[in-house]
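> Build the 3D model from these lines:
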Amino acid sequence: MGVFKYSLWDFVFICLGLLFMLLDIVLDTVTVVAFYQEKAYASLGILLLLLLGSSGLVQAFSWLWYSDEDSPRQTRVEKCLSPGLLKLFHVLQLGIYFRHAGVVEISLCNAGSGVSDPQGVAVSLSHDLSMLRLIETFSESAPQLVLMLTIIMQSGELGPVTVLKAIGSASAIAFSVTMYHRSLRAFLPDKQKQRVMSSAVYFLWNLLLISSRLASLALYASALPCFIFAHFLCSWAVLFLFVWRSQTDFMDGPCGEWLYRATVGLIWYFDWFNVAEGRTRYRTLLYHSYMLVDMSVLCALWCWKMSTDPPYFKIPPWCAEIAAVSVVAVYILGLLLKMMYYMCYHPNIAKEELRGAEECRVGQGPTRMFSGDETDFHLQSATYEDLDVTDRSAPAPAIKHYNKRMRKLAENFYS
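This is a model prediction of the structure:
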C-alpha cells in the first residue's frame, strides 16, 4: 500500500470549501430575510426546515464519527475540547468547523516540516469533510434549488439570467459530487490513477442527471405544490426499503447505521449513490429505471395541469410538451455519458488492491509523536525512503491509518 498523498490542491479545495460554506450561510440569511419581508411565510418555513434539518443531520454524523473509538481525534485543535464540550459545540451547529480547523492545522504542520502528510491524517480528515459536504448538498442545496425553481416558475420570471443562475446552482451540486469522487480516488493504487478527463465526464453526467431530476421535481411542485411532500415521503420510503435490503455497513453502531440508511434514501431521491459491496449493475439499472418512470410521470402530470387548469400562467400545450420531453431527454443523455464513463474511465479492481488494505510498516529510528502537547506528528505511513533509518533489518511495528468509512465507499465504487 502506498502513502496517502495530500497535495497543495487538496488544501486549496478544503479552504475554498470552508469559504463557500461561510458564503452559503450569508446567502441563506439574506434569503430568509427576503422571504420574511415579502411575507412569503410558506416558503420561509420550508427554507428554515431545510436549513435547520440539514445542519442538524451533518452535525449528527460529525459527532457520531468523533464518538467512534476506532477514529480518535488526531489534531490539537480537536483535542483541546473535552467530549462533553465537543458535543455541546455540535449541538450549537459548530462541530464541523473544528474538522476544517484540524485539516488546516495538519496542513500547516506538514508545510513547516517539509513532509507531505506522512501519517495520512490530513487525507483522512478531508475524506470526512467530503462526505459531510455530500450529505449537506443533498439535504439542503438540492431541495433548496427545487424550492427556488418552483417559486420562479410560479412567478413566471423565467428569463436567461434566472436560467443561468439555476444552471450555476446545479453545477455547484454536481461539483460537490465530483469532489466526493476525487476523495475516493485517493484509495486507488498509483498505477490505477484516473485522469482529469474522467473527472470531467463524471461531473458532466452528474450535472445532467441531477439538473433534470431537480427540474422535474420543480415542474411538478409548481403545478401541484401540496402533493410534492406526499411524493417525497412515498419515494423516500421505497428508497429507504431498498437501502435496508442492500445490507449497508457504514457506521459502527446500529442507531448510526439506520441514520445512514435514511440519509442514503434522501440522497437517492436526487441521485444514485453506491452503498453496497460487489457489482451494482442490476441495482443501478433498477434505480435509474425507477427514476425515469417517476420523472416521466411528474412531467406528464405537469403537462396535463398546464393544459387543463394552469395555476399561474398559460403556455401553449406544445411548449409544455417540449419542456417535459426535454427534461427526460437530458436524463437519458446523462445515462449515456455515465455508461461511457464506466466503459472508458472507471477502473474495476479488487478491494484488496485499494490503499488501506494492508498494514504499513516503518523502520526503527527517531520518531516524533503528535499529541496535544507537541507540535510534531508520528511518521506512520512513511516508507523507508522517507525516513533516515540506519537499521532497516530490525522488526517494524505494524500500523495503519486511513479513513475506514471512505474506504468502504471506495470498495463499493471501484470493486
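> Where does the most centrally placed residue in the chain sit: helix, strand or coil?
The centroid of the chain falls nearest to Leu134 when counting by C-alpha atoms, centre = their mean (1.6 Å). Here Leu134 is recorded as helix under DSSP: H, G, I helix; E, B strand; the rest coil.
> dump the residue contacts of it.
Taking C-beta atoms under 8 Å, 6 or more residues apart in numbering, we find Leu134 in contact with Ser176, Val177, Tyr180, Ile267. Yep, even glycine has a C-beta here, placed from its N, CA and C like the rest.
> From Met339, how far out is the first one?
From Ser176 over to Met339 the distance is 23 Å, taken as C-beta to C-beta, to the nearest Å.
> neighbour-wise, which of these two wins?
More neighbours surround Ser176 than the other of Ser176 and Met339, with 23 against 11 (other C-beta atoms under 10 Å).
> Next up, the contacts around that one.
Arg133, Leu134, Thr137, Ser141.
> Apply 10 Å and report the result again.
17, 20, 130, 133-138, 141-142, 206, 210 (C-beta atoms under 10 Å, 6 or more residues apart in numbering).
> would you list those residues in CSV and tack on pLDDT and distance to Leu81?
Shown next, in CSV, are the contacts of Ser176 (pLDDT from 0 to 100; distance: C-beta to C-beta, whole Å):
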residue, pLDDT, distance to Leu81
Gly17, 69, 22
Phe20, 74, 25
Ser130, 87, 23
Arg133, 90, 22
Leu134, 92, 25
Ile135, 94, 23
Glu136, 92, 22
Thr137, 92, 27
Phe138, 94, 29
Ser141, 91, 29
Ala142, 94, 32
Asn206, 94, 36
Ile210, 95, 37
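> out of the residues you listed, which are buried?
Gly17, Ser130, Arg133, Leu134, Ile135, Glu136, Thr137, Phe138, Ser141, Ala142, Asn206, Ile210 (16 or more other C-beta atoms under 10 Å).
> What distance do you get for the third one to Arg182?
Look at Arg133 and Arg182: by C-beta to C-beta, they are 12 Å apart.
> Name the nearest residue to Arg261, sequence neighbours excluded.
Leaving aside its chain neighbours, Arg261 sits nearest to Val243 (4.5 Å; criterion: C-beta to C-beta, 6 or more residues apart in numbering).
> Sorry, wrong one. I was asking about Trp63.
Using C-beta to C-beta, 6+ apart, the closest residue to Trp63 is His90 (4.3 Å).
> Ala172 now?
That would be Ser141: by C-beta to C-beta, 6+ apart, it lies 6.9 Å from Ala172.
> which residues touch that neighbour?
Here Ser141 is in contact with Asp24, Leu50, Ser54, Arg133, Ser169, Ala170, Ala172, Ile173, Ser176, Phe270 (C-beta under 10 Å, 6+ apart).
> burial count for Ile60?
That one is not Ile; residue 60 is Ala. 17.
> What segments of the stretch 301-415 of the chain are strands?
360-361, 398-399 (DSSP state E, counting those that start in this stretch).
> Report the rounded mean pLDDT for the last one.
So the one you mean is strand 398-399. The average pLDDT for strand 398-399 rounds to 38.
> repeat for stretch 339-349
The model assigns stretch 339-349 a mean pLDDT of 84.
> For that stretch, buried residues please.
Tyr341, Ile349.
> next one: that stretch to chain centre, how far?
21 Å (C-alpha atoms, centre = their mean, to the nearest Å).
> how far does that stretch stretch from start to finish?
End-to-end distance for stretch 339-349: 18 Å, by C-alpha to C-alpha, to the nearest Å.
> Val91 against Ser62, yeah?
No: assessed by C-beta atoms under 10 Å, Val91 is found out of contact with Ser62, at 11.4 Å.
> which residues of this protein fall in helices?
Assigned by DSSP state H, the chain shows helices spanning 8-37, 41-67, 76-79, 83-91, 95-113, 121-136, 142-155, 160-185, 196-223, 227-245, 254-268, 281-308, 317-344, 404-414.
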